[in-house]
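K.L.:
below is the structure, and that's it, no one-letter string:
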């Protein structure tokens with residue numbers, strides 16, 4: 001009797017599992033993963049630096065930058081993954097003047113704060129800790145060692161690696177070389193020849 005009850009329970013469980021798998025395959029098709037992408041952040045007294053780590057979707061995404069909110073939606077068709085991001089910011093930013101740099105793995109943003117001043121205590125308005133947000137220690141600088149020139153050079157370097165504006169940098173180098181070639185070398189010899197003639 002105990003064996004019979006156990007066998008009936010197993011059969012019912014297997015049957016339910018079969019129905020669940022069959023329904024998923026025939027009615028819903030392949031499942032789509034919906035995840036929140038990893039976000040790295042750093043800051044300066046006048047800007048917020050963000051890196052949204054996504055894969056193979058920078059050309060097929062939606063980005064909305066508002067004074068106190070940033071939303072991002074993208075899709076990786078190969079892995080059937082939807083990236084969805086919705087962040088309420090601690091302070092206000094200038095949503096009409098910011099820099100954006102795309103790659104096949106990430107989207108980088110340089111957002112100007114509406115008011116320059118002390119560092120924000122956190123990126124998000126809520127004090128709740130979220131799993132997707134991490135500090136970008138490679139770009140982080142303490143408030144007393146901020147150097148805007150270094151950050152500008154770093155941004156231009158990244159753009160150069162992405163082959164953006166490479167022609168401009170090349171033309172400057174050529175102009176520098178041409179200036180070096182135009183240095184006259186015969187002007188010092190002319191006075192020497194006149195001295196010889198007088199002798």
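P.N.:
Happy to help now that I have it. All values derive from a computational prediction rather than experimental measurement.
K.L.:
when you work out contacts or count neighbours from here on, use the C-alpha atoms and nothing else.
P.N.:
Will do.
K.L.:
longest strand in the chain, please.
P.N.:
strand 93-102 (DSSP state E).
K.L.:
tell me which residues are up against it.
P.N.:
58, 65-68, 107-115, 159 (CA atoms under 8 Å, 6 or more residues apart in numbering).
K.L.:
confidence-wise, which of these comes last?
P.N.:
Lowest pLDDT of those: residue 159, 53.
K.L.:
where does this protein dip in pLDDT?
P.N.:
Scanning the chain for pLDDT under 70 picks out the ranges 1-30, 58-59, 146-199.
K.L.:
helices of that one, start to end?
P.N.:
Along the chain, counting by DSSP state H, helices occupy 2-23, 148-161, 166-181, 189-198.
K.L.:
quick revisit: list only those of the contacts of strand 93-102 flagged as buried.
P.N.:
58, 65, 68, 107-113 (16 or more other CA atoms under 10 Å).
K.L.:
just send those back as CSV, with distance to residue 78 too.
P.N.:
CSV is the format used below for the buried ones among the contacts of strand 93-102 (distance: CA to CA, whole Å):
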residue, distance to residue 78
58, 13
65, 27
68, 33
107, 19
108, 22
109, 25
110, 29
111, 31
112, 34
113, 36
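K.L.:
wait, which of those is closest to residue 38?
P.N.:
residue 107 (10.9 Å; CA to CA).
K.L.:
correct me, but that closest one touches residue 51?
P.N.:
Yes: Residue 107 is within contact range of residue 51, at 5.7 Å (criterion: CA atoms under 8 Å).
K.L.:
picking that back up, ok, the longest strand of the chain: who's next to it in the sheet?
P.N.:
Partner strands and pairing direction for strand 93-102 (DSSP bridges) are strand 106-113 (antiparallel).
K.L.:
residues in contact with the partner strand?
P.N.:
Contacts of strand 106-113 (CA under 8 Å, 6+ apart): 46-55, 58, 91-95, 97-102.
K.L.:
and with 10 Å instead?
P.N.:
By CA atoms under 10 Å, 6 or more residues apart in numbering, the residues outside strand 106-113 that reach it are 37-58, 65, 67, 91-102, 155.
K.L.:
circling back: list residues touching both of residue 107 and residue 51?
P.N.:
39, 100-101.
K.L.:
out of those, who has the most neighbours?
P.N.:
residue 39 (20 neighbours; other CA atoms under 10 Å).
K.L.:
got the contact list for that one?
P.N.:
By CA under 10 Å, 6+ apart, the neighbours of residue 39 are 50-54, 85, 106-108, 131-136.
K.L.:
go again using 6 Å as the cut-off
P.N.:
51-52, 132-133 (CA atoms under 6 Å, 6 or more residues apart in numbering).
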